[in-house]
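[1] take this sequence and fold it.
(chains A and B)
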2 protein chains.
Amino acid sequence: MKDFAGTPGTLTALALRISQCIFAAGSITAMATTTNFFNFTAFCYLIASMGLQVIWSFGLALIDAYALMKKKVLHNSILVSLFVVGDWVTALLSLAAASASAGITVLLFHDIGPCTYLSECEKYQMSVALAFLSWISIAISSLIMLWLLAAG
Amino acid sequence: MKDFAGTPGTLTALALRISQCIFAAGSITAMATTTNFFNFTAFCYLIASMGLQVIWSFGLALIDAYALMKKKVLHNSILVSLFVVGDWVTALLSLAAASASAGITVLLFHDIGPCTYLSECEKYQMSVALAFLSWISIAISSLIMLWLLAAG
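    The predicted structure follows:
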């Protein structure tokens, strides 16, 4: 398999995984500290999806760090297939959750009326923005993984 | 470039493009026949995104049909790169629009209370379901195109 920036066991891959973790954890924190997120199914789904993202990305960050330390190459095709499936599933779930929450945020703070309880409003928006940032970084990882598998 | 089911100019590709068109047109029809979709930003975005989907998929269906009739092979790498970019952009927009609308549909008919005006409720749900079906078929096309480009 070819070796380029972002493939498993490289510094770029590790940086991408860590940024996914940080953005997803930030999104969960911003949403979970609001007082009534549990009244909205989409916001609960966002927390669940970002939770899955944190677990997956943290696991892969550990594998990347281990491979970097031991200078091992992780280009086994079965392992890469597994990474591709996991990355694509989490990326799709993240985009769906971020979009659903963004739809509701726009509905609450634009369609119905201006934001009435300011701190909550900012937290919802920040959580959605961080979820989108997390999705962008997992999408980059997913594309690199699929490319690596296809280019074999 | 390799030749497998779903690559441009095959019958499978044509069938996928036609199904994308039908599902997206169905989604627009279901949404546009409700009386107050324009009060919701996400529903307007769904119509815009599905409109783009119809135009893109219809264009590619015509190209596929032409290639099938003339028995031409469309495996030019510049052409495939163009198809990949277009497919991925429309697929992501479709998923985001479908998820945002699904979030609002769940909010309106589950979180706030049961559906109060039945015909509208069913139309919103049908529109979102058709948008997801359209996304599934464009996602299959996108993956085939990316695979074709990467496998070279």
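[2] correct me, but residue A:106 touches residue B:43?
    No. Using Cβ atoms under 8 Å, residue A:106 is not in contact with residue B:43, being 10.9 Å away. In short, each C-beta sits where N, CA and C put it, glycine included.
[3] from residue B:107, how far off is residue A:137?
    Counting by Cβ to Cβ, to the nearest Å, the gap between residue A:137 and residue B:107 amounts to 28 Å.
[4] which one's more surrounded, these two?
    residue A:137 (23 against 20; other Cβ atoms under 10 Å in any protein chain shown).
[5] in terms of helices and strands, where is the more buried one?
    helix A:118-151 (DSSP states H and E).
[6] which elements pack onto that helix?
    Judged by 3 or more Cβ pairs under 8 Å, 6 or more residues apart in numbering or on different chains; DSSP states H and E, helix A:118-151 is in contact with helix A:11-32, helix A:41-70, helix A:77-106, helix B:118-151.
[7] skip the chain neighbours and tell me the closest residue to the residue nearest the centre of chain A.
    Nearest to the mean C-alpha position of chain A, by Cα atoms, centre = their mean, lies residue A:134 at 3.8 Å. Nearest residue to residue A:134, sequence neighbours excluded (Cβ to Cβ, 6 or more residues apart in numbering or on different chains): residue A:23, at 3.6 Å.
[8] I'd guessed the one you found sits against residue A:128; true?
    No. Taking contacts as Cβ under 8 Å, residue A:23 lies outside contact range of residue A:128: 11.5 Å.
[9] give me the distance between the residue nearest to residue A:134 and chain B.
    From residue A:23 over to chain B the distance is 17 Å, taken as Cβ to the nearest Cβ, to the nearest Å.
[10] next to chain B, which bits of chain A? Give me the list.
    Near chain B, the residues belonging to chain A are A:39-42, A:92, A:95-104, A:106-107, A:110-111, A:146-147, A:150-152 when assessed by Cβ under 8 Å from any Cβ of the partner chain.
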